[in-house]
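Pasting a predicted model and its sequence here:
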Amino acid sequence: MKVTSYKLNDALFKTIIWIFLIVVTIYCLFPFAWMLSTSLKTESEAFRMPPTWIPLEPTGDSYIGIWVRKNFGIYFFNSTIISLSTAMLSTFFGALAGYGFSRFFFKGRRFLIGFFLATQMLPGVLLVGPYFKILSKVGLYDTRTGLIIAFLTICLPFSTWMMKGFIDKVPVELDQSAMVDGCSRMGIFFKIILPVVSPGMVATILFAFLLAWGDLLWALCLTSSEPMITVTLGIARTVGQFNIIWPMLMAGSLVGGMPAIILYVFLQRLLVQGLTAGAVKE
Amino acid sequence: MWVLFVLPGVLLLVLVLGFPAITSISYSIQPENKEIASYTFSHYVNLTKDPFFTSTFWNTAIFVSLSVAAHMILGLAVAMVLNSALPAKPLFRIIALLPWVVPDVVAGIIWKWMYDPIYGALNDVLLKMGLINAPIEWLSNPNLALFSVILVNLWRGFPFVMLILLAGLQAIPPQLYEAAAIDGASKRQQFFHITIPGLKKMIVVALALDIVWEVRRFGLIQAMTQGGPGVLTEVLSTYTYKQYFQFFRFEYASAIAVIMTIVLLAVSLPYIWMISQEE
């Protein structure tokens, strides 16, 4: 008797878990499906009542329109240049600092580690005001260079953690044997450590790239003219307009979100370690 | 020797981040009238009398606490399911990660369109299922707007908590559960005496990071409501932005940002302490 009820409970439990999974899956995916569906509609079909779930006459016009009728090409170019420059700069300096934190146990090390961590907690709105004033003064307001400098504040601490994590995994014996062979510390770093951690370096660059890619606040505050704005700002501006062309906006959002979706899916295993300063390892 | 490696990064951080942060603090104690060269705490005093600031502060408190609590519950539930024997686990993991990976703005815009009272998908589904009789004004109904934004933020933010807790669950040795089961411990007892204690550190990490991120959340709300209707979905980050770039009250805005910074550093101090001690 007891065994049967246990089995029944087990089956019930499994069913509940599957129902839960299905509900969560729908919750996660439904908005994306709606975005995709809208992006393939004509403008008039997007304003049909009641809404159609699957486009009646699917069209790729919006995907062409964002490049031809809107300046998506410019936004994409800007976002790519800005995010990539920031990512490479921050990963280079992050690798240097990461090596320092990984290999040397100096006085004040804990304090500096705490400092790097604390900088990751600051709100962006604390910094954008001074940035706006300083960049305007030196003529870097509304330039890609200005945004690249600003994004270092987000990316540099992150890259340092990530690179430190990868360098920690390289055995110290490698450094020591090179040192016996008369190699200098800098030589070890550039000739031995960097090549060994190069896959990790690529991952760090890509994550830092995505951190910059996804930002809105900084782009909104530090750029204004059409030739300088980023994908996220371009999308956000469209929403503010009186007449929103939803299929085109959804196509733009999908294309603008695509680099993030693809890269995160490939890199997700390393993500947790990087964002938690190595406190969580997988 | 370590100086050669660490110093460039430290100097760069001080330059691009430390210096603007200090500048911001000094703005916050400068009078708006620059003629008088002195300092003042009047902005902080005025904040307490600003009804918009007060309501923004409470909106943020509600937004953050409900979001974080919901992230924890849903994140833990999904993590536990994904940690059990389940076919197609990697696929579910990717599906559950998707809301988190797109830029904030994109997430906000998809949901703004989902929520559209006339042409949006959500009302259509609910009407067809017979759950509601009339379309709901998700983002313009004053009683509902903040709740609707939090619902989107639940969608957006739970995956990262899920990932952290999943990593923690995978680190708990299965033998513990087997031994407990042999000793006759119920699932419930196993949950409270093995799972939760085993996840303690991960919960601290997830809580600290999530609170910090939700307090700073900007793009999502900016894309969806820009703080409206009125100031009903206004949070500290959007309010500070408005004070800066729409009203050009730099000193006042800086005071709000400084308060945010103090709150964020206070919240994350245990986390920072924990990690720097481990190192």
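Nice, I can see it.

so where's chain A uncertain?
In the predicted model of chain A, residues A:1-8, A:277-282 satisfy pLDDT under 70.

Let me see the domain layout of it.
A:2-61, A:70-275 (automatic domain parsing).

Which stretches in the stretch 101-250 of chain B count as helices?
B:104-114, B:121-128, B:145-171, B:174-182, B:187-190, B:196-198, B:200-216, B:219-224, B:236-245, B:250-278 (DSSP state H, counting those that start in this stretch).

before we move on, what about the stretch 51-200 of chain A?
A:61-68, A:72-103, A:109-119, A:124-137, A:144-168, A:172-180, A:185-187, A:194-196, A:198-213.

so which of those helices comes closest to residue A:252?
helix A:61-68 (4.7 Å; C-beta to C-beta). Any C-beta I mention is one placed from the backbone N, CA and C, and that applies to glycine too.

Now tell me what touches the closest one from outside.
Contact partners of helix A:61-68, identified using C-beta atoms under 8 Å, 6 or more residues apart in numbering or on different chains, comprise A:39-40, A:42, A:72-73, A:245, A:247-248, A:250-252, A:255.

wait, which of the residues you listed is closest to chain B?
For the contacts of helix A:61-68, the minimum distance to chain B (C-beta to the nearest C-beta) is 6.9 Å, reached by residue A:250.

Could you list the buried residues of the helix or strand harbouring that closest one?
Using DSSP states H and E, residue A:250 sits in helix A:246-275. Neighbour-count burial for helix A:246-275 flags A:246-257, A:259-261, A:263-264, A:267-268, A:270-275 (criterion: 16 or more other C-beta atoms under 10 Å in any protein chain shown).

Over to stretch A:227-239?
Per 16+ other C-beta under 10 Å, stretch A:227-239 contains these buried residues: A:228-236, A:238-239.

what stretches of the stretch 1-150 of chain B score poorly on pLDDT?
B:34-37.

Could you list every helix and strand in contact with the helix or strand hosting residue B:65?
Taking DSSP H and E as the criterion, residue B:65 maps to helix B:51-83. Secondary-structure packing of helix B:51-83 (3 or more C-beta pairs under 8 Å, 6 or more residues apart in numbering or on different chains; DSSP states H and E): helix A:2-39, helix B:89-101, helix B:145-171, helix B:200-216, helix B:236-245.

Measure how the second one sits relative to helix A:2-39, angle-wise.
Interaxial angle, helix B:89-101 versus helix A:2-39 (axes from the mean of the first three to the mean of the last three C-alpha atoms, to 10 degrees): 50 degrees.

which residues sit against helix B:89-101?
Contacts with helix B:89-101, where a contact means C-beta under 8 Å, 6+ apart, come from A:21, A:24-25, A:28-29, A:31-32, A:210, A:257, A:260-261, A:264-265, A:268, B:78, B:82, B:86, B:107, B:155-160, B:162-163, B:166.

Are any of those buried, and if so which?
Buried members of the contacts of helix B:89-101, scored by 16+ other C-beta under 10 Å, are A:21, A:24, A:28, A:31-32, A:210, A:257, A:260-261, A:264, A:268, B:78, B:82, B:107, B:155-160, B:162-163, B:166.

Can you mark which positions in stretch A:172-184 are buried?
A:175, A:178, A:183.

how about JSON lines for these, with distance to chain B added?
Shown next, in JSON lines, are the buried residues of stretch A:172-184 (distance: C-beta to the nearest C-beta, whole Å):
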{"residue": "A:175", "distance to chain B": "12"}
{"residue": "A:178", "distance to chain B": "14"}
{"residue": "A:183", "distance to chain B": "13"}
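
so which of the residues you listed comes closest to residue A:203?
Relative to residue A:203, the closest of the buried residues of stretch A:172-184 is residue A:175; by C-beta to C-beta it sits at 21.9 Å.

Could you list which residues are in contact with the residue nearest to the closest one when sequence neighbours are not counted?
Nearest residue to residue A:175, sequence neighbours excluded (C-beta to C-beta, 6 or more residues apart in numbering or on different chains): residue A:188, at 5.3 Å. Residues near residue A:188 by C-beta under 8 Å, 6+ apart: A:175, A:178-179.

likewise residue B:263?
residue B:215.

about what we covered before: nearest to residue B:10 among the helices and strands packed on helix B:51-83 would be which one?
Judging these by C-beta to C-beta, what sits closest to residue B:10 is helix B:200-216, at 21.8 Å.

Can you name the residues in contact with the closest one?
A:121, A:123-125, A:275-276, A:279-280, B:60, B:63-64, B:67-68, B:71-72, B:75, B:153, B:157, B:160-161, B:164-165, B:167-168, B:196, B:236-237, B:260, B:263-264, B:267-268, B:270-271, B:274.

I'd like to know which of these are buried.
The buried subset of the contacts of helix B:200-216 (16+ other C-beta under 10 Å) comprises A:121, A:123-125, A:275-276, A:279-280, B:60, B:63-64, B:67-68, B:71-72, B:75, B:153, B:157, B:160-161, B:164-165, B:167-168, B:236-237, B:260, B:263-264, B:267-268, B:271, B:274.

still on that earlier bit, now the buried residues of stretch A:172-184 as JSON lines including distance to residue B:91?
Shown next, in JSON lines, are those (distance: C-beta to C-beta, whole Å):
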{"residue": "A:175", "distance to residue B:91": "41"}
{"residue": "A:178", "distance to residue B:91": "44"}
{"residue": "A:183", "distance to residue B:91": "46"}
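
Alright, that wraps it up for me.
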